[in-house]
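Chemist: For reference, the sequence and a predicted model appear below.
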Amino acid sequence: MKIKLIRTGGFIPITKEVETEVNLTDKEMDRLLQVIQRDPVSPRIKDGSYYELTVGSSSTPVDLEKVPDEYKAIFSKLKSDLKIVK
Amino acid sequence: MLTKLMESGNKKIADMAINTNFRSFRFRNDRIFFQQSSLHEKTILGLISKDSGKDIMQMEVYDCRQKTDFINATLLWDTKTNQKLTSVAGKNVIKGGKASWDFYWKLFGRNSIDNKGMLIKQYVHFDKGMDNAYWDGRRMVYGDGDGTVFTSFTSDIDVIGHELTHGVTENEANLDYENQAGALNESFSDIFGIMIKQRFNNQDVKKSNWLIGEKVMIGPKYALRSLKAPGTAYINHPELGSDPQPATMDKYQSLPDTESGDFGGVHINSGIPNFAFYVTAFNIGGYAWEKAGRIWYAVLSDASLAQNANFADVKNLTIVHAEKTFGINSLEVKAVKQGWSEAKV
């Protein structure tokens, strides 16, 4: 399935994104999203940047610190491939 | 004895005694007032000399080694042991942290972020190529930059001063991080960040280029923000396009209060109060921190500054504090009014 990682915010607000194909079932993706989704009422970090994962037509705010070990390599690669949206 | 003399039949002696009694009364009351006033109040009244501070800064600098966890970060340097350093980022944040602490202490008698001597914690080399710096409520965190558009976010003192000032703001009005209050939060950080750099480099309002992050952004024509001319810090950048900051209220950008909307454009509309400060400081002349900075600090630390303050609230408070400090018809008050007028607030 196709997923898109989007990063927004920062000292100067820029948007970066990357899209990739991952070999996960719908069930695995649902489970992953449940684990990594970010608390919607978490405090606003001054100059902080934020990640969002888009799967199909739905986007979920995510905390990449919560990514389980077995998916870390995927997200590490995604982060390093992020490109500025012009 | 004095009471008897005040009742003396000799008019000259009675007048002298009454004058003496009046002066003593004022002296006693002044002494009580100054005994009870805070360091901040004394500073605002000009009673603390710039050289009266003592070194009580406490700081720790950690190396995250390009990881994203703070617990396993390595302590690089602290004020107690003052270790020798080879890390450039480490040296940068020590220099910037010291300059920021010194600025607040020597000018305003403010003892660190919380005015209670808070330990300043700075984390460098956070994450791989992170093109950002932030304040998370407890610490300042810096990335190394992506190496293409941005270099290390420790490269400019104004960025370090900016982050530390977020901590100061959080301990004062704690301005909401959204819409106009959020843009003011960002603006206070830019204003104090630029003054910390100007003071470190001994630059007056004419000598300074009023650019934030000119080393952080790669390329001689680029910086992160301009207080002198918001919207011109970078123009036609191959990756970023052009600086979106407005300088005047008629160009205010109404953006959604979401992460992707920069919480209502806190880093965008901050250009407006930034420009008001620049015009004020430039028209007063000399060193920005001596008069304009003093007015803005009085506002930042004013208990009546509401958490959801808007630009007009800060405009009014800067006028009130300029009048209190420099007099109703002073040049400084005129400069403050002119500053906000040019920003069309």
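Modeler: Here it is on my side, so go on. Residues are numbered from 1 along each chain as shown, chains lettered A, B, ... in the order given.

Chemist: Off-centre distance for stretch B:59-69?
Modeler: Mean-position distance between stretch B:59-69 and its chain equals 25 Å (CA atoms, centre = their mean, to the nearest Å).

Chemist: avg pLDDT for that stretch?
Modeler: For stretch B:59-69, the per-residue pLDDT values average out at 96.

Chemist: Then stretch A:26-37?
Modeler: Stretch A:26-37 comes out with an average pLDDT of 95.

Chemist: Any buried residues in that stretch, and which?
Modeler: Of the residues in stretch A:26-37, those with enough neighbours to count as buried (16 or more other CB atoms under 10 Å in any protein chain shown) are A:29, A:32, A:36. (Each C-beta comes from the backbone N, C-alpha and C, glycine too.)

Chemist: One more: stretch A:1-9?
Modeler: Taking 16+ other CB under 10 Å as the neighbour-count basis, stretch A:1-9 is seen to contain the buried residues A:3, A:5, A:6, A:7, A:8, A:9.

Chemist: For the chain, which segments count as helices?
Modeler: Using chain A. A:26-36, A:72-80 (DSSP state H).

Chemist: actually it's chain B I care about, not the one you picked
Modeler: Taking DSSP H as the criterion, chain B carries its helices at B:2-6, B:11-36, B:39-44, B:88-108, B:157-171, B:179-200, B:262-265, B:271-284, B:292-300, B:311-326, B:331-342.

Chemist: Turn those helices into CSV, including mean pLDDT and distance to residue B:144.
Modeler: Converted to CSV, those look like this (pLDDT from 0 to 100; distance: least, CB to CB, whole Å):
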stretch, mean pLDDT, distance to residue B:144
helix B:2-6, 60, 71
helix B:11-36, 54, 48
helix B:39-44, 56, 37
helix B:88-108, 98, 7
helix B:157-171, 98, 13
helix B:179-200, 98, 20
helix B:262-265, 97, 23
helix B:271-284, 98, 27
helix B:292-300, 98, 31
helix B:311-326, 98, 35
helix B:331-342, 98, 37
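
Chemist: mind putting these in JSON lines, mean neighbour count and distance to chain A included?
Modeler: Listed next are the helices of chain B as JSON lines, based on neighbours: other CB atoms under 10 Å in any protein chain shown; distance: least, CB to the nearest CB, whole Å:
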{"stretch": "helix B:2-6", "mean neighbour count": "12", "distance to chain A": "58"}
{"stretch": "helix B:11-36", "mean neighbour count": "11", "distance to chain A": "34"}
{"stretch": "helix B:39-44", "mean neighbour count": "18", "distance to chain A": "22"}
{"stretch": "helix B:88-108", "mean neighbour count": "22", "distance to chain A": "14"}
{"stretch": "helix B:157-171", "mean neighbour count": "26", "distance to chain A": "4"}
{"stretch": "helix B:179-200", "mean neighbour count": "27", "distance to chain A": "7"}
{"stretch": "helix B:262-265", "mean neighbour count": "25", "distance to chain A": "4"}
{"stretch": "helix B:271-284", "mean neighbour count": "27", "distance to chain A": "12"}
{"stretch": "helix B:292-300", "mean neighbour count": "25", "distance to chain A": "15"}
{"stretch": "helix B:311-326", "mean neighbour count": "19", "distance to chain A": "18"}
{"stretch": "helix B:331-342", "mean neighbour count": "19", "distance to chain A": "24"}
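
Chemist: In contact with the closest residue to residue B:229 other than its chain neighbours, which residues?
Modeler: Distances taken as CB to CB, 6 or more residues apart in numbering or on different chains place residue B:247 nearest to residue B:229, at 6.9 Å, with adjacent residues excluded. By CB atoms under 8 Å, 6 or more residues apart in numbering or on different chains, the residues touching residue B:247 are B:229, B:230, B:231, B:271, B:272, B:275, B:343.

Chemist: Format the helices of chain A as JSON lines; extra columns: distance to chain B.
Modeler: Putting the helices of chain A into JSON lines (distance: least, CB to the nearest CB, whole Å) gives the following:
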{"stretch": "helix A:26-36", "distance to chain B": "14"}
{"stretch": "helix A:72-80", "distance to chain B": "7"}
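
Chemist: Need those in TSV (columns: distance to residue B:321).
Modeler: Converted to TSV, the helices of chain A look like this (distance: least, CB to CB, whole Å):
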stretch	distance to residue B:321
helix A:26-36	47
helix A:72-80	45
